[in-house]
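**Q** Give the three-dimensional model of this entry:
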Amino acid sequence: MHFVRTLRAAGLPLGPGQTLRAVEAVRAVDISNRADFYLALRASIVSRYDQIDLFDQAFQVFWRNPDLLNRMISLMLPTLAVDLPPDEDPGEPLQRRLAEALMPQNQTPQEQEEQEIEIQADMTWSAREQLQTKDFEQMGTDELELAKRAMARLALPLAEVPVRRFQPTNRIARADLRRTMQKSLRGGGDVIDLQYRKRKTRPPPLVVLCDISGSMERYARMLLHFMHALTNDRDRVSTFLFGTRLTNITRYLRDKEVDRALAKIGTQVEDWSGGTRIGASLEDFNRLWSRRVLGQGAVVLLITDGLDREAAAGVEEQMERLHKSCRRLIWLNPLLRYDAFEPKSSGARAILPHVDDFRPVHNLDSLGELAGALNATDVSLQKGMREWRNKL
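**A** The predicted structure is shown next:
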């Protein structure tokens, strides 16, 4: 019961029903077998693919040592070191929301109230600025909720481009002979007032290709909220997820309720937290979907870290074809948040020559700056990409 409460504090939507089901599952298996115990709890508690990573980490840490809560303070705070036994692996760094859920609450209600008042009075502006620049991976539960709300309000304007159709205008432009003749007939044809027309403009289609492999999973979960906001904010937005295979999730993101949309996606996408087959996934997109969604000069957002388990087989050929089929191809990479990042992996070296812009995507500020990249001139983009291509 305490384990379920910890997961609920970490952000999983669990209630008494899941707690009772977990107790019944544990009674039905051999509790002395750790594998059976793990599978029984996971089957009774986890309901979506995106919950597996948090559950696995919580299970490994929670059931590792009876004196868990006393050791968690040293494990979760970066300023303190933990004295682990020589033969024990410290493992992967804890997710912030799991660390907060495992933190013992020793403060009295009066102390907590005084602390909340102090933060509200003095530090509101500072917390808001820190949230804009904070990495998604380092956010706590409350910060993740605030970030999701900010994404729902985030606007991503696209510069309008001319299309084939025309619309009437009062300015001197291209003569509209058809409307001119129609209007002259109304007056008996004695006076002919020349009518004009101009091309209509509208934002180009937007296509998002997002990597959901193990190395990208935590960012992909947050970016799904961003994609949901985009899909419900404008028309002609197509979203695809890829790991070991390509999945079109556009129609699921059109659901106005974000939690319901993500639940549907969790049941349809089967390759969460797996490997990455960038070349094969791009080939499926170019062969099956490019002619449907890349018409009228679409803009493509490729969200991946460039790590490919097949040593970038076929990536360069498929990237070249994708680049030639769209108006602009922008690569968003969370690894670019590191100043010392260099495109050394085979996947990154195959992707980089065929993109128009290369940007980080790891916090709210990076998403806000994406709007400027979408409306930037080709000259400024070429100048920035020339520096990256010189590193190859």
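**Q** Go through the chain and flag its longest helix.
**A** Identified as the longest helix of the chain according to DSSP state H is helix 217-233.
**Q** Show me what that helix is packed up against.
**A** Using 3 or more C-beta pairs under 8 Å, 6 or more residues apart in numbering; DSSP states H and E, the elements in contact with helix 217-233 are helix 141-153, strand 206-211, strand 237-242, helix 250-253, helix 258-268, strand 299-303. Every residue, glycine included, has its C-beta placed from N, CA and C.
**Q** do that again at 7 Å, thanks
**A** helix 141-153, strand 206-211, strand 237-242, helix 250-253, helix 258-268 (3 or more C-beta pairs under 7 Å, 6 or more residues apart in numbering; DSSP states H and E).
**Q** wait, which of these is closest to residue 5?
**A** Among the helices and strands packed on helix 217-233, the nearest to residue 5 by C-beta to C-beta is helix 141-153 (13.8 Å).
**Q** any idea of the mean pLDDT in the closest one?
**A** Per-region confidence: helix 141-153 scores 81 on mean pLDDT.
**Q** Same question for stretch 214-227.
**A** According to the model, stretch 214-227 has a mean pLDDT of 85.
**Q** Check the spacing between residue 55 and residue 7 real quick.
**A** The spacing between residue 55 and residue 7, counted by C-beta to C-beta, to the nearest Å, is 7 Å.
**Q** More neighbours: those two, which one.
**A** When neighbours are counted by other C-beta atoms under 10 Å, residue 55 and residue 7 differ, and residue 7 comes out ahead with 24 against 19.
**Q** Excluding chain neighbours, give the residue nearest to residue 216 in space.
**A** In space, and not counting its chain neighbours, residue 216 is closest to residue 305: 5.7 Å by C-beta to C-beta, 6 or more residues apart in numbering.
**Q** residues near that neighbour, how many?
**A** Counted with other C-beta under 10 Å, residues neighbouring residue 305 total 19.
**Q** domain ranges for the chain?
**A** Per automatic domain parsing, the structural domains of the chain span 2-84+91-102, 164-202, 206-389.
**Q** Can you say which of these is packed in most?
**A** Most buried of the domains of the chain, by mean neighbour count (mean count of other C-beta atoms under 10 Å): domain 206-389, with a mean of 18.
**Q** Need the helices and strands packed on helix 217-233 in a markdown table (columns: distance to residue 323).
**A** Shown next, in a markdown table, are these (distance: least, C-beta to C-beta, whole Å):
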| stretch | distance to residue 323 |
| --- | --- |
| helix 141-153 | 28 |
| strand 206-211 | 13 |
| strand 237-242 | 16 |
| helix 250-253 | 22 |
| helix 258-268 | 27 |
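**Q** For residue 160, which non-adjacent residue is closest in space?
**A** Using C-beta to C-beta, 6+ apart, the nearest residue to residue 160 is residue 201, at 3.9 Å.
**Q** pretty sure the one you found belongs to a strand, no?
**A** Yes - assigned with DSSP: H, G, I helix; E, B strand; the rest coil, residue 201 falls within a strand.
**Q** from here on, count from 761
**A** Yes, from this point I'll number from 761; that puts the last item at residue 961.
**Q** Spit out the contact partners of it.
**A** Contacts for residue 961 were tallied using C-beta atoms under 7 Å, 6 or more residues apart in numbering; they are 920, 921, 922, 923.
**Q** my guess is residue 1105 contacts residue 1065, does it?
**A** No - at 8.3 Å, residue 1105 does not count as touching residue 1065 under the criterion of C-beta atoms under 7 Å.
**Q** And residue 1105, what's its pLDDT?
**A** According to the prediction, residue 1105 has pLDDT 86.
**Q** Could you check how far the closest residue to residue 1036 other than its chain neighbours is from residue 1099?
**A** The shortest distance from residue 1036 to any non-neighbouring residue, by C-beta to C-beta, 6+ apart, is to residue 973 (4.0 Å). As judged by C-beta to C-beta, residue 973 and residue 1099 stand 24 Å apart.
**Q** Likewise for residue 1044?
**A** Relative to residue 1099, and taking C-beta to C-beta, residue 1044 is found at 35 Å.
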